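> Quick one: sequence plus predicted model below, questions after.
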There are 2 protein chains.
Amino acid sequence: MTAPERSLRADARRNRESVLDAAGELFARRGDAVQMDEIAERAGLGVGTLYRHFADKQALLAAIIGRRFEAMTALARAADEAEDPWTAFETLLYGYLESAQADAAFRFALLGPEEPSWNDIVAEKTDFSSITERIVQRAVDAGRLREDFRADDFVLITRGAMANMTGAGGWRRHVTLLLEGIRGPER
Amino acid sequence: MTAPERSLRADARRNRESVLDAAGELFARRGDAVQMDEIAERAGLGVGTLYRHFADKQALLAAIIGRRFEAMTALARAADEAEDPWTAFETLLYGYLESAQADAAFRFALLGPEEPSWNDIVAEKTDFSSITERIVQRAVDAGRLREDFRADDFVLITRGAMANMTGAGGWRRHVTLLLEGIRGPER
DNA sequence: CTCTATCATGAACATGAACTCCGGTTCCGA
DNA sequence: TCGGAACCGGAGTTCATGTTCATGATAGAG
């Protein structure tokens, strides 16, 4: 994901961070629609500098999304700490969705029609998938999720909720409706 | 919706239809991404002719989406014929979603982040909303939908399912998960 | 302090897609 | 059959954005 090799001049490293921060904030707020000049301005740099650090817009976006996925992985790991399986699941689900709500670029990347890869890239770069699988399995084993619930279903409901994030906070309602169909035999 | 006024010359009317057909098919397949030249070529016309009939791309898109919404309204009306409330609801839901699956432009229009209006425009131009409300209410009254289910929730689950239409047929699974949380006290 | 490899800058360029324009064509009523 | 209003075509214009590159600045080792 545009790896920052070793020994970068101090100013260069600083600028790189500025770009990442500016892009992160703008992408989060307005998704892919922000333009390079805008990011440069907000970072207090010239456009050329952006291109010194990232090959093109796509690469910059990828870096940002990658960053978010790392945060998601940390979040999943934390959720997995909970001893109660249902708590773990709920923590993961709501944590994921609240993060998604705050990041339009992330949502668009996952909801867009041209996403052949993101979920796959994630699988290679992080162990988000495997942690999610474990959490789901724990909840299933405890009878808190229907028996046939799979990690793929997590993606499904996640996408569904994200699709309801424009406008009011309808996604919580969506999740509520889902939860009551998701719960297993116990309780 | 770019109303076809009275007395249009025969060739003009014919061409208008060609444009609508071509645009409908292309938009359905690839969404907003198709370009005007492409539509013109497929319709066997010059771009100029497109612009004679539709002010801009947006207007053309609006005409297409409007068309689909009329079809949706017919579908809802038909569903409402069923005497069993649950059958009516299911017919509407699956009919809606199957249509949506066949029309990418429609999906993008509803899922896109810049949709302040579509659902509102629909309310003004068709009575899709009111029919849906009636069908939902019938199902609620019969105890087939949870008591607090509202027409807004229909939009919610519909959006959720549409968000799962890229890739495999995951949307059916999504609906299944939802249904089992949607069903009311009876049965 | 010096020197140079590294970095920054932003006007200029490249690209692509929506839209316009007007000479040529066709329809249709009388 | 004829006149002219309505219509068509598609090359060219416009505009918006991503990307480059020649020039100037600077960090930081020696």
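Nice, I can see it.
> can you list contacts of the helix or strand encompassing A:Ala105?
Using DSSP states H and E, A:Ala105 sits within helix A:104-111. Outside helix A:104-111, the residues that touch it by Cβ atoms under 8 Å, 6 or more residues apart in numbering or on different chains are A:27-32, A:61, A:64-65, A:68, A:99-100, A:115, A:118-119, A:158-159, A:162-163, A:165, B:111, B:113, B:163. Just so you know, the C-beta spots here come from the backbone N, C-alpha and C atoms, and that holds for glycine as well.
> Below-threshold pLDDT in chain A: ranges please.
Along chain A, the parts satisfying pLDDT under 70 run over A:1-6, A:115-116, A:168-169, A:182-187.
> Mind checking if the helix or strand containing A:Arg172 is in reach of chain B?
Taking DSSP H and E as the criterion, A:Arg172 maps to helix A:170-182. Yes - contact check for helix A:170-182 against chain B, using Cβ under 8 Å from any Cβ of the partner chain: residues in range are A:170, A:173-174, A:177-182.
> before we move on, the earlier item: filter the contacts of helix A:104-111 by proximity to DNA strand C?
Applying Cβ under 7 Å from any atom of the strand, the subset of the contacts of helix A:104-111 adjacent to DNA strand C is empty.
> Among the residues you listed, which ones are in helices?
Assignment to helices by DSSP state H places the following of these there: A:27-30, A:61, A:64-65, A:68, A:99-100, A:118-119, A:158-159, A:162, B:111.
> re the thing from before, what angle do the helix holding A:Arg172 and helix B:170-182 make?
Regarding helix A:170-182 and helix B:170-182, their directions subtend 80 degrees when assessed with axes from the mean of the first three to the mean of the last three Cα atoms, to 10 degrees.
> Return the set of buried residues in helix A:170-182.
Burial within helix A:170-182, assessed by neighbour count using 16 or more other Cβ atoms under 10 Å in any protein chain shown, is assigned to A:170-175, A:177-179, A:181-182.
> now it, how far from the chain's geometric center?
Between the centre of helix A:170-182 and the centre of its chain there are 20 Å (Cα atoms, centre = their mean, to the nearest Å).
> Check stretch A:7-23 too.
Centroid separation for stretch A:7-23 versus its chain: 22 Å, with Cα atoms, centre = their mean.
> do the same with stretch A:61-70
8 Å.
> before we move on, the earlier item: can you flag the buried ones in the ones in helices among the contacts of helix A:104-111?
Buried members of the ones in helices among the contacts of helix A:104-111, counted by 16+ other Cβ under 10 Å: A:27-28, A:61, A:64-65, A:68, A:100, A:118, A:158-159, A:162, B:111.
> And those, which is closest to A:Leu92?
The shortest separation between A:Leu92 and any of these is 9.9 Å, and it belongs to A:Thr158 (by Cβ to Cβ).
> The closest one and A:Leu97 touch, don't they?
Yes - with contact defined as Cβ atoms under 8 Å, A:Thr158 counts as touching A:Leu97 (6.9 Å).
> any residue of stretch A:33-50 up close to DNA strand D?
Yes - using Cβ under 7 Å from any atom of the strand, a contact is recorded between stretch A:33-50 and DNA strand D, made by A:35-37, A:47-48.
> Get me the contact residues on chain A for DNA strand D.
Taking Cβ under 7 Å from any atom of the strand as the criterion, the contact residues of chain A with DNA strand D come out as A:9-11, A:35-37, A:47-48, A:51, A:56-58.
> By proximity to chain B, which residue of chain A wins?
In chain A, the residue that lies nearest chain B is A:Gly181 (2.5 Å; Cβ to the nearest Cβ).
> ok, for that residue, nearest residue in space, not its chain neighbours?
Taking Cβ to Cβ, 6 or more residues apart in numbering or on different chains, and ignoring the residues beside it in sequence, A:Gly181 has B:Gly181 as its nearest neighbour in space, at 2.5 Å.
> List the ones among the residues of chain A next to DNA strand D that fall in helices.
Taking DSSP H, the ones among the residues of chain A next to DNA strand D that sit in helices are A:10-11, A:36-37, A:47-48, A:51, A:57-58.
> Now the buried members of those residues.
A:Lys57.
> can you put the ones in helices among the residues of chain A next to DNA strand D in a markdown table and add distance to A:Phe106?
Below are these laid out as a markdown table (distance: Cβ to Cβ, whole Å):
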| residue | distance to A:Phe106 |
| --- | --- |
| A:Ala10 | 30 |
| A:Asp11 | 30 |
| A:Met36 | 19 |
| A:Asp37 | 23 |
| A:Val47 | 24 |
| A:Gly48 | 27 |
| A:Tyr51 | 23 |
| A:Lys57 | 16 |
| A:Gln58 | 15 |
